[in-house]
Structure formats: structure tokens, C-alpha cells
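Visitor: fold the following for me, if possible:
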Amino acid sequence: MNTPSSAGRAGRSAAAARAWPLVALAAIALGFVVLGHDGRRVAQMMVLLLPALAWMAWPVRSRAVHRARRVAVLAAVMAFAADGVVRAYLLDTYQSAPDGAVVLGALANTNARESGEYLQMHWRTAALWCAVLVAAGYAVWRLTAHGWRRGGAGGTANPSAGQEPGAAPAAKVRSTPRRAWLALLVLAFALGAVAHVSKPWRRLHPVVFWTQWSDDARALRIAWADQQRMRDAALQQAHAVAPQVTRAGPSTVVLVITDSINRDNLGLYGYGRNTTPRLAAALRREPQQMTVLRHAWSVDASTLPAMANMMRFGQPTAADAQHLLPLARAAGYKVWWMSNHDDMAIEQQHARLADEVEIVNRVPGRASASLDGELLDCVQEALEDPAERKLIVVHLLGAHPHYRLRFPETQDNPFDDTQDAVESGLIAQGRPAWVRRFRQDYDTALLYHDFVVAETLEL
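Guide: Numbers count the residues shown, from 1 in each chain. Coordinates of the predicted model:
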């Protein structure tokens with residue numbers, strides 16, 4: 001006898017039978033994604049994969065569509081798996097993201113023979129990861145066979161068959177769970193569509209990312225020849241000017257360039273929070289040895305043009321514009337460029353004009369968690385160099401977003417949940433809690449920045 005309760009149990013069993021392959025597919029994909037990503041990027045990657053997983057649960061009638069769906073889902077999951085494997089290998093071997101300068105530079109600077117030699121050295125690792133991917137691909141292919149086909153496996157060809165007269169139709173009992181299931185699928189498709197429309201999310205998709213990665217390496221290879229020509233011309237122009245240092249004796253100049261620091265948030269400039277305690281103490285201790293310029297600002301809102309205006313004299317884009325670093329070298333200075341930025345353009349346009357280049361960060365973009373304090377050892381080594389005249393350029397990340405990544409995890413946030421004048425002012429202005437949280441993180445990043453700059457001065 002087919003009662004409503006037994007029909008409901010059967011419906012739940014059928015739903016579970018449809019759900020477990022999806023859970024297994026998601027678990028396989030998640031395992032590979034976690035290898036190559038961390039933090040919220042894991043969630044972003046899984047949302048990008050949602051449409052493929054949701055399609056597996058969408059009811060279809062045609063066997064041809066079902067087979068095409070298996071192939072498409074296999075390709076999607078394995079693209080995410082291969083992405084995770086390559087990222088994990090590069091991170092473990094070179095501590096670099098795929099689009100980091102060290103990796104892109106090596107790719108742009110290699111040829112077929114060197115690539116073959118590299119594979120000969122690392123074929124065991126490559127074979128191991130290939131075996132893992134093949135095994136995962138086989139598992140994914142088997143799991144996709146369980147996709148829901150209406151009227152086939154996992155579906156219901158005749159919901160009312162086997163019922164006694166007067167019994168509640170099983171299809172009606174299961175209609176509510178089925179509607180909820182379809183609503184979840186529609187929601188998954190919608191979330192995936194929004195993720196694909198959003199450029200910051202879409203560019204993480206393996207197909208988009210690796211296509212762009214290949215294009216970037218090709219463009220870099222083309223641009224390098226031109227950049228080297230421009231650097232050679234800048235050095236020739238500087239030597240032609242023949243700058244002279246009129247003061248005798250040793251000279252050490254340290255130029256610290258920082259990013260995304262707003263003077264309105266610096267305690268040294270009167271901000272309500274003490275974000276610069278060490279610099280303020282240095283000013284009180286030695287007012288004759290330290291000058292605070294009140295009226296100074298960047299003439300550009302983004303890094304590349306601001307750096308060009310800072311480093312070049314006259315019109316930065318003019319063919320005869322002199323660059324600071326070649327001028328210093330022509331005047332007899334040994335020049336260092338040490339940076340916590342992984343920025344290919346800055347490295348090629350400015351850093352490579354120095355005698356010594358130290359890049360401590362190999363993860364480009366806002367997700368980098370490299371701390372500016374890593375440069376202090378580099379500064380110390382440069383200061384100990386026996387050269388009589390030295391120009392040391394230190395390029396910090398400063399408070400570049402994301403703010404929470406710009407100070408150590410172990411550092412307490414003194415502005416967290418503190419009802420000070422700044423917090424009260426933000427509340428009075430109607431700022432939401434998430435904006436106030438960003439302000440707290442930003443001010444804590446400035447506090448760590450104060451430590452790094454003060455330590456540089458102490459050195």
C-alpha cells in the first residue's frame with residue numbers, strides 16, 4: 001500500500017540519490033580550489049563553478065543533452081582542478097602567484113629548449129600531479145553519469161504507478177520538495193551569473209585567467225625589448241648631462257615611497273587617532289633633524305603616473321625627460337631599488353634602472369599579504385654596503401587595499417570597537433558598521449606603516 005508518508009520517504013530518498021553526486025563533485029572541485037587559493041577567493045571560485053554543478057541537477061529529457069552535459073561539466077570541473085594544481089605548484093616552488101612578476105618574467109624569457117630542460121628536471125612532480133588529475137577526471141566522469149534525467153535514472157517515469165485506488169498521488173506529495181529543489185537550482189544559476197558578470201570575480205575563472213595570462217606573457221616579451229632600449233637611452237642621457245656632487249665625503253640618501261597613505265589619517269598631521277606614535281616621538285625628540293611638510297600631495301591618483309611624475313624631471317612623457325636613478329648613477333651613487341610591490345610596469349620602467357633590485361613580494365594585486373617589514377633587512381644590508389655614495393629607494397605597499405592584509409595578524413587592532421572621537425564622528429555622519437570597520441583596519445595599517453618608516457629612520 002502506497003501511503004502519503006511512504007511516498008514522502010521515497011521522494012526524500014530520490015532527492016538524496018540526486019544530491020550525493022553533486023556533493024561529491026563539489027567536494028572534488030573544492031579540494032583542488034583550496035590548493036591554489038585561500039580566503040574568500042575559495043568562495044568566489046566555487047560560486048563561479050555553481051552553474052555547472054546546478055546544470056547537473058537540472059532535469060532533462062534528451063539522452064544527447066545528458067551526454068553533452070557530462071562532457072561540459074567534466075571540462076568545467078577539471079579546468080578548476082588544473083588551475084588549483086598549477087597555482088599550488090608555483091606557490092610551493094617559487095612562493096609566487098601565476099601572474100607574479102617572477103613567473104611571468106620567466107615565461108616571457110624562456111624558449112622551447114629551456115622549457116624541455118625544465119620538464120626533464122621536474123618530470124616526476126609533473127607526472128604525479130597528472131596522475132592525480134587523471135584520477136579526479138575519472139571520478140568526475142563517473143559522477144556525472146548520475147545526472148537527473150526526467151523519466152530516466154533518478155527521475156520518475158510514472159509517479160502514480162503501483163498506487164491503490166484512493167491513495168494520495170505520490171507526485172503531489174513530492175511536488176513541494178521538487179519545487180524547493182528547483183528554486184535552489186535557479187538561485188545557484190543566478191549567483192553564478194552575477195559572479196560571471198562581475199569583472200573582479202570573472203577574471204578568476206580558469207578559462208579567463210589563463211587566457212589573459214598567456215596574452216600578458218606574450219605582451220611582456222614584446223615590450224621588454226622596447227623597455228630595455230628606453231632604459232639604455234635614459235642612462236645615456238644622464239651621462240651626457242654629467243651631474244656633479246659638489247660636497248665631498250660619503251652620502252647616503254634613503255627615499256621611502258609608500259602607497260595609499262592619506263595624510264588626513266596621520267596623527268602627525270592632527271588626526272584624531274594616534275596612528276603615527278613613533279614618528280611623532282621622533283619629531284619631539286629631534287625637531288631640528290626632522291621636517292614635516294604640511295602642503296604636499298601626489299599629483300596623480302594612481303601609482304604608475306604618480307611614480308612617473310616623481311621620478312622624472314620636466315614633462316614625464318617627454319623624450320628628453322631625465323630620470324632620477326640614472327642621474328644618481330651618473331653622479332657616482334650606487335642605487336638600490338627594494339620593493340614590496342609585485343608590479344611588472346614599475347619594475348621595468350623604474351626598478352631596473354637601479355644597480356641592485358630586491359623584490360620581496362611575488363603576489364600581485366590586492367590579495368598579497370606580504371608585509372612591508374620584510375624590507376627592513378634589505379635596507380640594513382644596503383646601509384652596510386661599503387659604497388661611499390648610496391641612493392636607496394624603498395617602495396612600500398603602505399595601506400594599499402585590502403587594509404586588513406597590511407598589518408600582521410598577531411598585531412592587536414587598538415581602534416577595534418573603540419568608541420573614540422573618530423568612531424563617534426562616523427556614527428554621527430550615519431556611516432554603516434562595515435564602513436567603520438574599514439576605517440579601523442585602515443588606521444591600523446597606518447599604525448604598522450608608522451612602525452616600518454620609523455624603523456627605517458632608526459637604521
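
Visitor: grab the nearest non-local neighbour of the spatially most central residue of the chain.
Guide: Centroid-nearest residue in the chain: Ala367, 3.4 Å away (criterion: Cα atoms, centre = their mean). Residue nearest to Ala367 in three dimensions, not counting chain neighbours: Arg41, with 6.7 Å by Cβ to Cβ, 6 or more residues apart in numbering. Backbone N, C-alpha and C define where each C-beta goes, glycine included.

Visitor: do Pro408 as well
Guide: Nearest non-adjacent residue to Pro408 (Cβ to Cβ, 6+ apart): Leu371, at 6.3 Å.

Visitor: what average pLDDT does stretch 118-136 get?
Guide: Per-residue pLDDT over stretch 118-136 has a mean of 88.

Visitor: chain center to that stretch: distance?
Guide: Mean-position distance between stretch 118-136 and its chain equals 26 Å (Cα atoms, centre = their mean, to the nearest Å).

Visitor: buried residues, that stretch. List them.
Guide: Trp129, Leu133, Ala136 (16 or more other Cβ atoms under 10 Å).

Visitor: confirm the last one sits in a helix?
Guide: What that stands for is Ala136. Yes: note on Ala136: a helix contains this position according to DSSP: H, G, I helix; E, B strand; the rest coil.

Visitor: can you confirm Asp385 is in a helix?
Guide: No: counting by three-state DSSP, Asp385 is not found in a helix; it is coil.

Visitor: quick one: low-confidence residue ranges for this protein.
Guide: Applying pLDDT under 70 to the chain flags the ranges 1-18, 109-111, 113-114, 147-178, 224-225.

Visitor: can I see the domain layout of it?
Guide: Domain segmentation of the chain under the TED database yields 14-149+179-223, 227-458.

Visitor: correct me if wrong: the residue nearest to the centre of the chain contacts Arg404.
Guide: No: at 11.3 Å, Ala367 does not count as touching Arg404 under the criterion of Cβ atoms under 8 Å.

Visitor: which neighbours do those two have in common?
Guide: With contacts defined as Cβ atoms under 8 Å, 6 or more residues apart in numbering, no residue is shared by Ala367 and Arg404.

Visitor: how about the strands in this structure?
Guide: For the chain, the strands defined by DSSP state E occupy 251-257, 312-313, 322-323, 334-339, 356-359, 389-395.

Visitor: quick one: which of those is nearest Pro21?
Guide: Ranking the strands of the chain by proximity to Pro21 (Cβ to Cβ) places strand 356-359 first, at 45.5 Å.

Visitor: give me the neighbour count for the residue nearest to Leu353 when sequence neighbours are not counted.
Guide: Closest residue to Leu353 apart from its sequence neighbours, by Cβ to Cβ, 6+ apart: Leu325 at 4.1 Å. Using other Cβ atoms under 10 Å, Leu325 is surrounded by 24 other residues.

Visitor: could you do Asp264 as well?
Guide: 7.

Visitor: can you tell me which residues contact it?
Guide: By Cβ under 8 Å, 6+ apart, the residues touching Asp264 are Tyr271.

Visitor: from Arg294, how far off is it?
Guide: Note on Asp264: its distance to Arg294, by Cβ to Cβ, to the nearest Å, is 12 Å.

Visitor: same deal with Ala195?
Guide: Computed as Cβ to Cβ, the Ala195 to Arg294 distance reads 45 Å.

Visitor: which of those two has more neighbours?
Guide: Taking neighbours as other Cβ under 10 Å, Ala195 and Arg294 compare with Ala195 leading, 22 against 9.

Visitor: residues in contact with the more buried one?
Guide: By Cβ under 8 Å, 6+ apart, Ala195 lies in contact with Gln44, Val47, Leu48, Leu50, Trp201, Arg202.

Visitor: so Ile257 touches Val394, yeah?
Guide: Yes: if you go by Cβ under 8 Å, Ile257 and Val394 touch, sitting 7.0 Å apart.

Visitor: comparing those two, which residue is more hemmed in?
Guide: Taking neighbours as other Cβ under 10 Å, Ile257 and Val394 compare with Val394 leading, 24 against 19.

Visitor: quick check: closest non-adjacent residue to the more buried one.
Guide: Closest residue in space to Val394, ignoring its immediate chain neighbours: Val256 at 4.7 Å, by Cβ to Cβ, 6+ apart.

Visitor: residues touching the one you found, list them.
Guide: Val256 touches Val394, Leu396, Val453, Thr456, counting by Cβ under 8 Å, 6+ apart.

Visitor: quick one: those as a markdown table, columns for distance to Thr252 too.
Guide: Formatted as a markdown table, the contacts of Val256 follow (distance: Cβ to Cβ, whole Å):
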| residue | distance to Thr252 |
| --- | --- |
| Val394 | 13 |
| Leu396 | 19 |
| Val453 | 16 |
| Thr456 | 12 |
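
Visitor: show me those that map onto helices.
Guide: Cross-referencing these against helices under DSSP state H gives Val453, Thr456.

Visitor: which one of the contacts of Val256 is nearest to Ala145?
Guide: Proximity of these to Ala145 (Cβ to Cβ) peaks at Leu396, which lies at 54.2 Å.

Visitor: if I look at that closest one, how far off is Asn361?
Guide: 10 Å.

Visitor: which neighbours do those two have in common?
Guide: In contact with both Leu396 and Asn361: Asn340, using Cβ under 8 Å, 6+ apart.

Visitor: quick one: the helices in the stretch 51-200 of the chain?
Guide: For the stretch 51-200 of the chain, the helices defined by DSSP state H, counting those that start in this stretch occupy 63-94, 101-108, 112-144, 170-197, 199-202.

Visitor: tell me which of the ones you listed sits nearest to Leu283.
Guide: That would be, of the helices of the stretch 51-200 of the chain and by Cβ to Cβ, helix 101-108, which comes in at 36.4 Å.

Visitor: packing partners for the closest one?
Guide: Applying 3 or more Cβ pairs under 8 Å, 6 or more residues apart in numbering; DSSP states H and E, one finds that helix 101-108 makes contact with helix 63-94, helix 206-241, helix 344-349.

Visitor: which one of those lies closest to Leu376?
Guide: Closest among these, using Cβ to Cβ: helix 344-349, at 20.3 Å.

Visitor: centre of the chain to the closest one, how far?
Guide: Relative to its chain's centre, helix 344-349 lies at 18 Å (Cα atoms, centre = their mean).

Visitor: list the buried residues in that helix.
Guide: For helix 344-349, the neighbour count (16+ other Cβ under 10 Å) marks Met344, Ile346, Glu347, Gln348, Gln349 as buried.

Visitor: for that helix, enumerate the helices and strands it packs against.
Guide: For helix 344-349, the packing partners by 3+ Cβ pairs under 8 Å, 6+ apart are helix 101-108, helix 206-241, helix 303-311.

Visitor: out of those, deepest packed?
Guide: helix 101-108 (a mean of 18; mean count of other Cβ atoms under 10 Å).
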